[in-house]
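Undergrad: structure for this input, please:
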Amino acid sequence: MTEPRWTESTIEERFVEAADVMKRLPDVCVPGHFNTWPRMLYEFSDLVSQEPPRITRVRPNAAAISRMEETLDWLKWLEPIDRKVVWLRATGERWKTVCWKVGLQRAAAHEHWLYALCVIAWRLNGHHLPKGLSRRRLIERTIAASA
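TA: Modelled structure (predicted):
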């Protein structure tokens, strides 16, 4: 059986899936604490300023959680700013928000994001990162190898 070929697009899909799985995980509850208050009956005027109730989604299965944990382990191979850019994009943040949160211009943030995906793809394909290789050179090599 041949080993799967990792590309930057497959890495991106795995991060998007991991972020989605994290959103679908149940809320953390402290054991032993509970509420003894009765449920309130709201009038229309009470509902005006409230946020809509959170819609519960289907919980992820065990395989999806395992893939999420594996994907989150890949983040340790990246620099902190690259981790932040990759995770913000995986959660669906717009580039404008990503740039504001990490303090980079759009082109620089995109290069950090693409470089991070290429580093992960490079490592998953069994290659060692050559020292002294620039970001753009690694991106070019990875894209050329996946084509």
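
Undergrad: for the closest residue to Leu88 other than its chain neighbours, give me its contacts.
TA: Spatial nearest neighbour of Leu88, chain neighbours left out: Val98 (4.6 Å); criterion: CB to CB, 6 or more residues apart in numbering. The C-beta positions use only the backbone N, C-alpha and C, and glycine is treated the same way. If a contact means CB atoms under 8 Å, 6 or more residues apart in numbering, then Val98 has 85, 88-89, 109 as its contacts.

Undergrad: of those residues, just say which sits nearest to Leu129.
TA: Taking CB to CB as the measure, Val85 is the one of these closest to Leu129, at 18.2 Å.

Undergrad: show me how far stretch 40-59 is from its chain's centre.
TA: In this view, stretch 40-59 has its centroid 28 Å away from the chain centroid, taken as CA atoms, centre = their mean, to the nearest Å.

Undergrad: before we move on, what about stretch 27-34?
TA: The gap between where stretch 27-34 is centred and where its chain is centred comes out at 26 Å by CA atoms, centre = their mean.

Undergrad: gap between the two ends of that stretch?
TA: Terminal residues of stretch 27-34 are spaced 14 Å apart (CA to CA, to the nearest Å).

Undergrad: same question for it, mean pLDDT?
TA: With pLDDT averaged residue by residue, stretch 27-34 scores 80.

Undergrad: how about stretch 88-108?
TA: When pLDDT is averaged along stretch 88-108, the result is 95.

Undergrad: how long is that stretch end to end?
TA: With CA to CA as the measure, the ends of stretch 88-108 fall 15 Å from one another.

Undergrad: any idea how far Asp20 is from Ile139?
TA: Distance check for Asp20 against Ile139: by CB to CB, to the nearest Å, it reads 26 Å.
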